[in-house]
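In: Quick one, structure for this:
(3 chains)
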Amino acid sequence: MSDVTLPPLRNRGPAWLYEGNWSLRIGLVSFLIILLAAIFAPLVTSYDPIAIDLAKALQPPSLVHWMGTDHLGRDVFTRVVFAARVDLQIGAIGVALPLIIGTIVGLIAGYYGGWVDAVIGRIVDVIIAFPFLVLVIAIVAMLGPGLINLYIALTVVSWVLYTRIIRAETIALKKREYVLAARNLGFGHLRIMFGHILPNAIAPALVFAMSDFALDVQVGATLSFFGLGAQPPTPEWGLMIAETRSMMLTAPWVVVGPGLAIVVVSLVVSLIGDGLADKVRRLDG
Amino acid sequence: MVESPGLSIENLSIAFDDGRKVAVSGVSLSVPTGEAVGLVGESGSGKSLTSRAALGLLPKTAKASGRIRLGDLSILDMSPAQLRSVRGAGIAMIFQDPMSSLNPVARVGQSIAQVILSHEAVSADDAESRAVTLMDRVGIRDAKARAGSFPHEFSGGMRQRIMIAMALAAKPRILVADEPTTALDVIVQKNILNLLDQLRREEGMGLLLVSHDLAVVASLCSRIAVMYAGQIVEEGPTKEILVRPRMPYTAGLLASTRRDKSVKRLTSIPGSPPALGDRAASCRFAPRCRLAIDPCRSAPVELIEVGPRHGARCIRTQEMAHV
Amino acid sequence: MIRYTLLRLAQAVPVLFGISIVVFFLVRLIPGDPAVAALGSRATPELIARVRDQLGLDLPIWEQYLNFLSHALRGDFGISFFYQQDVWLVTVERLPITLLLMGYSIALAVLIAVPFAFLSAVRQGQVTDHALRVLFTIGLGMPVFWSGIILAYILGVKFQLLPITGQGAGGLDTLAHLTLPAITLAISISPILVRTLRSSIIEVLASDYVTTGRAMGLRSRYLNLSYILRNSLRPVVTVVTINLGYLIGGTVIVERIFSIAGVGSLLIGSIATRDYAVIQLSTLIFALLVLVTNLVGDLLYSLLDPRMALNK
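Out: This is a model prediction of the structure:
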């Protein structure tokens, strides 16, 4: 009996961090590595991402330049690492703003119902009717190229996706006993919505946020590729591919690196998403 | 002994999980052509697995040993292609739920005709017209028009008739019916059973009728085999089984059948069948048996001849006779 | 069936109305004077005044919208500044090649997805299944513009198997020219199809009717086609319609990469030329395409599944 030790009574953080399945663990660790590499990019590589050195233009991959050099003699790997700053930012902002706005609107629609819900529902229907990329492109085309306008466009188009998820969850949750009890206790609407419903409604939205992150990174790179997002000489994966596309015949490596970076980020994020979805399923079941 | 042209199962065992879980052990059973044999047991007794094994229709994870002969063919040794040609034409099977057992996107006439086309070199037109004849034979009115309908446009009883028509289409020698009436209303049940009986006699088929319901089986079959926990515990002529059961489990089954025909589990015997993992090497029914004595619990019990063509897996049959 | 069709049409009306509002306000997003923006370096006071008048920019906003709507209903979306032609004509002329490309891509995607989904379903939980899942997750992670460029390089330049630009001279030549773009698109949408098909095949393989089919000794070909494939394919129409927006996004990119004169490349091209009316109409057309396809998809679904037709 004396040998039995109780586990220490300290908070070990949210359960999904330490009880995680493998896809969640690998995903989170990889994402952390990418994130740290982006933040500490100058420590990861000794080259300058922007300075031009034509003498070194279009060198094939080697031990010195892992992914070769581009047409302006810049180290492709260096630029890929620095570009992660921009592209991860696109993913983060492209998810965060719609997530916040969409969640609030979804809570309101689901909680109050009636005409509020009807109006919000119609707006959601209309925006969802547009192909995602087309509407983003059209909005940026009107507002003008640039990252800020890209964020505006991403937010305008994708908040509805979160609204739809949160609304459905809210409608299901508001009939639950504990919510009804909170009402009977005279809690305010805001407190019920954000204190009681939101914490239980958010999980599916977070799972979706992962695939949305990957989509946003792809859309950001695509718009930059078409000259609508990041502007030269900013290193950005889509833009890098656009700048060097014409060199592809003689130096195919210039477009491989940035493309692979996008693939890797999508893969990592979808691992996290799969892991989260698995968690949510287990919590529900 | 002359090779019977029917189905004979010899010492069949079926195991899962690399042999760790034995679902069916040492089952022997024969269904001669022209005769109806019943296989009775609770769900989980292994009766459905046994009947599926007769068509080589076991799940991939199952491992079967023993012999299953259809005439001079050995089912367990056949290649997938050989099995395909035997199914339908040599031995066919109908299932419990007519609602889900027909292809929802095929017209029923087509479903029947395709069985014919799968086994015989006939033209599509001939197969179609034979399909209509078959539908007529199984009692579907206005068969010609109804052949163009989809399964969802029929009632449960009618769908079961269509499945029977499919099963008969390639003229099998043996028909296996696994709980063919369980999902149907009582009146429809009777009609389907009568139909099966009539077709068996007209076609000279062997019928293996599998059911949890002793009454259903007794109404059609000349012989009955009772399964419990993966073994046959009693087998014999229907009359004998009904009048003088020689194994306590059969007696309990009989008693519960008289009381309530709808129950799937036995209420007249306390306890429940052993799980797949912990089946004793001794008599498997002993823990629930009120006649059980020490030897029942210590050594395996074999099927004992208790009368002409009548066997029981019980060492207390003598006592049974007096109860 | 007819009643159901009418009901679905009626449901589409408010969405259609909303789409028109969004498309109308798109042009209002242009910072500053749209007339100036449209004219760019060509802007003179007289031209600006003429364009403002033509666009009705001096009227109250709701009147502008009603004007837009009434013109739009007659197919009048103004004049393209770049092409100096009716916007409707410029845009609609390019729709067939876009639709052809989309149809071709869906067909290729199904051709890719079916065998792999089958393999995955049959080998459920085994190494093959996991490997295929990783492969298709990578497929989903590849940005279309990048995979398009890489494919063009490998298949078009290195091995010279397929043409890499333009839409050819009609007929088989067009099909040959569209093959590379269609493969690119198919790779991007087939992962979605594989996922759905895999689970639907697993479900069908375990179904009672497939067991019946086996018990009757049906010919493998018939069993595989009519029992397994046809039932497994039922969700495909739904998946394609649900993901049509995604497919259209890919089409826009691919048309641009492979220089196909469709609505998508027109949309991207018009950004540089500030041909706002063209951007407006092509956006509208893509939204309408989604709306119409959803409708047609629903009706098609009920054709594929006889049970649905009766229930509605």
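In: How much space separates the residue most central in space within chain C from A:F225?
Out: Central residue of chain C (CA atoms, centre = their mean): C:I248, 3.0 Å from the mean position. Using CB to CB, to the nearest Å, C:I248 is found at 17 Å from A:F225. C-beta: built from backbone N, CA, C; applies to glycine.
In: A:V140 now?
Out: Distance of A:V140 to A:F225, given as CB to CB: 13 Å.
In: How about C:Y83?
Out: The gap separating C:Y83 from A:F225 is 25 Å, by CB to CB.
In: quick one: which of the two has more around it?
Out: A side-by-side neighbour count of C:Y83 and A:F225, using other CB atoms under 10 Å in any protein chain shown, places A:F225 first with 28 against 16.
In: isn't the more buried one right up against C:F145?
Out: Yes: under the criterion of CB atoms under 8 Å, A:F225 makes contact with C:F145 at 5.0 Å.
In: Any idea how many residues pack against B:T61?
Out: B:T61: 9 neighbours (other CB under 10 Å).
In: phi, psi of it?
Out: Per-residue torsions, B:T61: phi -80, psi -10 (degrees, to the nearest 10).
In: for chain C, where's the lowest mean pLDDT among helices and strands?
Out: helix C:306-311 (a mean of 54; mean pLDDT, DSSP states H and E).
In: so where's chain C uncertain?
Out: Low-confidence segments of chain C, defined by pLDDT under 70: C:1, C:302-312.
In: what about the strands in it?
Out: C:79-80, C:85-86 (DSSP state E).
In: Would you mind pulling up the elements that the first one packs against?
Out: The elements that strand C:79-80 packs onto, with contact taken as 3 or more CB pairs under 8 Å, 6 or more residues apart in numbering or on different chains; DSSP states H and E, are strand C:85-86, helix C:87-92, helix C:276-304.
In: Kindly reformat those as TSV containing mean neighbour count and distance to chain A.
Out: Output for those, formatted as TSV (neighbours: other CB atoms under 10 Å in any protein chain shown; distance: least, CB to the nearest CB, whole Å):
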stretch	mean neighbour count	distance to chain A
strand C:85-86	16	20
helix C:87-92	20	13
helix C:276-304	20	4
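In: So which of these is nearest chain B?
Out: Nearest to chain B, of all the helices and strands packed on strand C:79-80, is helix C:276-304, at 7.4 Å by CB to the nearest CB.
In: Tell me where the stretch 101-250 of chain A has helices.
Out: Here the stretch 101-250 of chain A has its helices, by DSSP state H, counting those that start in this stretch, at A:114-129, A:132-143, A:147-173, A:177-184, A:189-191, A:198-225, A:237-244.
In: quick one: average pLDDT of the fifth one?
Out: To tie it back to what came earlier, the one meant is helix A:189-191. For helix A:189-191, the mean per-residue pLDDT is 90.
In: ok, and for stretch B:188-196, which residues are buried?
Out: B:V188, B:Q189, B:N191, B:I192, B:L193, B:L195, B:L196 (16 or more other CB atoms under 10 Å in any protein chain shown).
In: The first one reaches B:T181, doesn't it?
Out: I take that to be B:V188. Yes: the criterion here is CB under 8 Å, and B:V188 meets it with B:T181 at 7.5 Å.
In: what residues are shared contacts of the two?
Out: In terms of CB atoms under 8 Å, 6 or more residues apart in numbering or on different chains, B:V188 and B:T181 are both contacted by the residues B:Q160.
In: okay, now the domains of chain C?
Out: C:16-90+C:263-312, C:95-261 (automatic domain parsing).
In: hmm, the longest one in reach of chain A?
Out: What it means is domain C:95-261. Yes: Domain C:95-261 reaches chain A (CB under 8 Å from any CB of the partner chain) through C:137-138, C:140-147, C:149-150, C:153, C:157, C:244-246, C:248-250, C:252-253, C:256.
In: Need the buried ones from the residues you listed selected in ChimeraX.
Out: Typed into ChimeraX, the line below selects the buried ones among the residues of domain C:95-261 next to chain A, using 16+ other CB under 10 Å:
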select /C:137,138,140,141,142,143,144,145,146,147,149,150,153,244,245,246,248,249,250,252,253,256
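In: So which residues on chain B come close to chain A?
Out: Counting by CB under 8 Å from any CB, chain B comes close to chain A at no residue.
In: tell me the contacts of the residue nearest to C:A117 when sequence neighbours are not counted?
Out: Spatial nearest neighbour of C:A117, chain neighbours left out: C:L197 (3.5 Å); criterion: CB to CB, 6 or more residues apart in numbering or on different chains. With contact set as CB under 8 Å, 6+ apart, C:L197 has these partners: C:A113, C:V114, C:A117, C:F118, C:A121, C:S232, C:L233, C:P235, C:V236.
In: can I get these in CSV with neighbour count?
Out: Formatted as CSV, the contacts of C:L197 follow (neighbours: other CB atoms under 10 Å in any protein chain shown):
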residue, neighbour count
C:A113, 25
C:V114, 19
C:A117, 27
C:F118, 19
C:A121, 22
C:S232, 23
C:L233, 19
C:P235, 18
C:V236, 21
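In: Tell me which residues of the strand or helix carrying A:A84 come out buried.
Out: A:A84 belongs to helix A:76-112 when assigned by DSSP states H and E. Going by neighbour count (16+ other CB under 10 Å), the buried part of helix A:76-112 is A:76-91, A:93-95, A:97-99, A:101-111.
In: distance of A:T78 from C:A182?
Out: For A:T78 relative to C:A182 (CB to CB), the value is 36 Å.
In: The buried residues of stretch B:188-196 in helices, which ones?
Out: Filtering these for membership in helices, criterion DSSP state H, returns B:V188, B:Q189, B:N191, B:I192, B:L193, B:L195, B:L196.
In: how about the nearest residue to the third one, chain neighbours excluded?
Out: Spelled out, that is B:N191. B:G157 is the one closest to B:N191 (CB to CB, 6+ apart), at 6.7 Å.
In: what residues are up against the one you found?
Out: Taking CB under 8 Å, 6+ apart, we find B:G157 in contact with B:P98, B:L184, B:D185, B:V188, B:N191, B:I192.
In: Roughly how far does the residue nearest to A:T234 when sequence neighbours are not counted sit from C:V87?
Out: Residue nearest to A:T234 in three dimensions, not counting chain neighbours: A:V86, with 6.2 Å by CB to CB, 6+ apart. Separation of A:V86 from C:V87 (CB to CB): 35 Å.
In: other SSEs contacting the one helix or strand A:P42 maps to?
Out: Per DSSP H and E, A:P42 falls inside helix A:41-44. For helix A:41-44, the elements it packs on are helix A:76-112, judged by 3+ CB pairs under 8 Å, 6+ apart.
In: Would you mind pulling up the elements that the helix it packs on packs against?
Out: Checking 3+ CB pairs under 8 Å, 6+ apart, helix A:76-112 ends up next to helix A:22-39, helix A:41-44, helix A:114-129, helix A:147-173, helix A:198-225, helix A:237-244, helix A:253-284.
In: Dump those helices into a markdown table; add mean pLDDT and distance to B:L276 as well.
Out: Listed next are these as a markdown table, based on pLDDT from 0 to 100; distance: least, CB to CB, whole Å:
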| stretch | mean pLDDT | distance to B:L276 |
| --- | --- | --- |
| helix A:22-39 | 93 | 31 |
| helix A:41-44 | 90 | 57 |
| helix A:114-129 | 94 | 50 |
| helix A:147-173 | 95 | 38 |
| helix A:198-225 | 94 | 37 |
| helix A:237-244 | 94 | 56 |
| helix A:253-284 | 89 | 27 |
